[in-house]
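Chemist: quick one: sequence and predicted model below, then my questions.
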Amino acid sequence: MDASEIVQKFNQLGIRLFLGRDGNLRARPLPPRDALSDELRELLRFLRQRECEVVQLLSERPDMSNAADMSNTADMSVTLPLNLVRIADAVAANPRSPILTDMALAVFVRHAIEAQRTIERLPAAAKAEALAHCREAENRIVAAITGRDYQEAYALASALPGELAALTLQ
């Protein structure tokens, strides 16, 4: 099976292969692993073997990807200004009840997304300073979690979007 056949087969299954803004191969929508059919598993195996060829094909012929169909989901990956893996590791190292742990993670994700949206609205000159401010805030959040002071960690995360917005005034 060559690259164009793989792309066409995915299209027939209602899955669009396309290149993200970073140039990496993406697929939408991809069902959860436990819902994969044998046919799709086999197709994914072919895709792994021919990934370079598929990327080259899609870069040369963007029409193959049906990119117009993906206008709302062309690249759903977002780089957040807080390292949520680091924060989640700190939460996991200082366990509480599962409900409180899940709530903590949700709070940090929500505020990281708010911070990213705030950074997107900043002038270009302020973005580097905003990212540096986020790194400092992340360090303080992790330190608060490690010290089991979740109230302080929540307050730091909650204040971050407002602090970033204030950077435009300086």
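Modeler: It's in.

Chemist: so, low pLDDT: which residues of the chain?
Modeler: For the chain, the stretches flagged by pLDDT under 70 are 33-35, 62-78, 168-170.

Chemist: ok, now which ones touch the residue of it most remote from its centre?
Modeler: The centre of the chain is farthest from one residue, residue 1, which by CA atoms, centre = their mean lies 31.2 Å away. Counting by CB atoms under 8 Å, 6 or more residues apart in numbering, residue 1 makes contact with 9, 46, 50. For glycine as for every other residue, the C-beta is placed from the backbone atoms N, C-alpha and C.

Chemist: in helices only, show me the residues you listed.
Modeler: Mapping those onto helices (DSSP state H) picks out 9, 46.

Chemist: mind putting the contacts of residue 1 in JSON lines, distance to residue 100 and neighbour count included?
Modeler: Formatted as JSON lines, the contacts of residue 1 follow (distance: CB to CB, whole Å; neighbours: other CB atoms under 10 Å):
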{"residue": "9", "distance to residue 100": "46", "neighbour count": "18"}
{"residue": "46", "distance to residue 100": "45", "neighbour count": "17"}
{"residue": "50", "distance to residue 100": "46", "neighbour count": "18"}
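
Chemist: could I get the buried residue list for stretch 130-139?
Modeler: Within stretch 130-139, the residues scored as buried using 16 or more other CB atoms under 10 Å are 130, 133-134, 137-138.
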